[in-house]
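A.B. asks: A structural model of the following input is requested.
(3 chains)
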Amino acid sequence: MPELPEVETIRRDLAKLIVGRKVLGIETNSPKQVQPSLEMVKKAITGTTIKKVQRRAKIIQIFFSNGKIIIVHLKLTGRLLVRKKEDKIDDWQHIMLSLSGDKELRFADSRKFGWFRLLKDEKELQKILKEFGPEPLDGLTLPVFQKILSSTSRPVKIVLMDQQRISGVGNIYANEALFLAKIDPRRPAKKMTKQAGEKLYQALEKVLRAGIKYRGASDQYYLDALGHKGFYQEHFLVYGRQGKRCLACSGTIKRISLGGRGTFYCPQCQK
DNA sequence: CCGACGCCCTGGGAGC
DNA sequence: TGCTCCCAGGGCGTCG
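C.D. replies: Sure, this is the predicted structure:
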């Protein structure tokens, strides 16, 4: 599932691959995923040039030469692939942007939870983005992090994944960071000591940077913009490892459900 | 403010 | 081999 490191990897790929290209057309076979409508998007961006690609939280923003912006959320199974026009159809491709230079930007999404959304201008974008908490690798300081933790008694894993409090962290990196910091995912955030908060802050930064370094984690669906898998799954310490040996203490990794999400931890190490 | 739950959706695994 | 059933889960909405 694309989280901050996966979305950032795709953003960097797209910055290299599609900036400067002209939009020749757009098609879809899944109209509900194109907002407000295919016709509106087609009218707004056909003939424009892609100026830049940015990311905030798990949202990719594509800026066009006429000031219009498209934001993309990949949710669980979304992919943004840059292909040659003649390349074979991708699995689950639903939105196809025809680009100059014989290229195509394809949005593929098995689950169909993801979306493309046209925005009028920068102002509309800022209105959406201001609802998100700080970026863990850019703006989230230790004091701010400690304040976020102390502000709620919800389980600390839920807090890490709460996009309004901290942006970009999803299930994989939350699990991995809590393991590194040796903190039980169920622990009420405000009951954490300063020391535990600092360890978690450092662990979170560490796993997110590693995720970017390894070009993301590919469980079943994630691919970068060229269709390649990432490598971070080869470095998972707890995620998806239920029943296996803990890599730190030789206990057994357990899987529980927390906030309706699969949660993996070592009951011996994480207190 | 909070937690619980349903919904969107479909591939893939389990069970028979 | 093939059928049916059910679950995963990010974000959002609703309800109590």
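A.B. asks: Quick check: which element contains the residue of the stretch 151-271 of chain A found nearest DNA strand C?
C.D. replies: DNA strand C sits closest to residue A:262 of the stretch 151-271 of chain A, with a gap of 3.0 Å, by CB to the nearest atom of the strand. Where you see a C-beta, it was placed from the backbone N, CA and C, and this is true even at glycine. For residue A:262, the host element (DSSP states H and E) is strand A:261-265.
A.B. asks: Repeat that for residue A:123.
C.D. replies: Residue A:123 belongs to helix A:122-129, assigned by DSSP H and E.
A.B. asks: With residue A:94 instead?
C.D. replies: Element membership for residue A:94 (DSSP H and E) is strand A:93-99.
A.B. asks: which bits of the stretch 101-250 of chain A sit near DNA strand B?
C.D. replies: A:110-113, A:152-155, A:158, A:220 (CB under 7 Å from any atom of the strand).
A.B. asks: ok, back up a step: pretty sure residue A:253 is one of the things the residue of the stretch 151-271 of chain A closest to DNA strand C touches, is it not?
C.D. replies: No - in this structure residue A:262 lies outside contact range of residue A:253 using CB atoms under 8 Å: 11.7 Å.
A.B. asks: what sits up against the least confident helix or strand in chain A by mean pLDDT?
C.D. replies: In chain A, no helix or strand scores lower on mean pLDDT, DSSP states H and E than strand A:254-258, which sits at a mean of 90. The contact list for strand A:254-258 (CB atoms under 8 Å, 6 or more residues apart in numbering) reads A:155, A:157-158, A:185-186, A:242-243, A:262-267.
A.B. asks: ok so, going back, which one of residue A:262 and residue A:253 has more residues nearby?
C.D. replies: residue A:253 (23 against 13; other CB atoms under 10 Å).
A.B. asks: Need the nearest residue in space to that one, chain neighbours excluded.
C.D. replies: Closest residue to residue A:253 in three dimensions, ignoring its sequence neighbours and counting by CB to CB, 6 or more residues apart in numbering: residue A:241, at 4.6 Å.
A.B. asks: hmm, back to that, now list the buried members of the contacts of strand A:254-258.
C.D. replies: For those, a burial check counting by 16 or more other CB atoms under 10 Å picks out A:155, A:157-158, A:185-186, A:263-266.
A.B. asks: any weak-confidence spans in chain A?
C.D. replies: Applying pLDDT under 70 to chain A flags no residue at all.
A.B. asks: What are the boundaries of the helices in it?
C.D. replies: Here chain A has its helices, by DSSP state H, at A:4-17, A:38-45, A:122-129, A:142-150, A:156-161, A:171-180, A:194-213.
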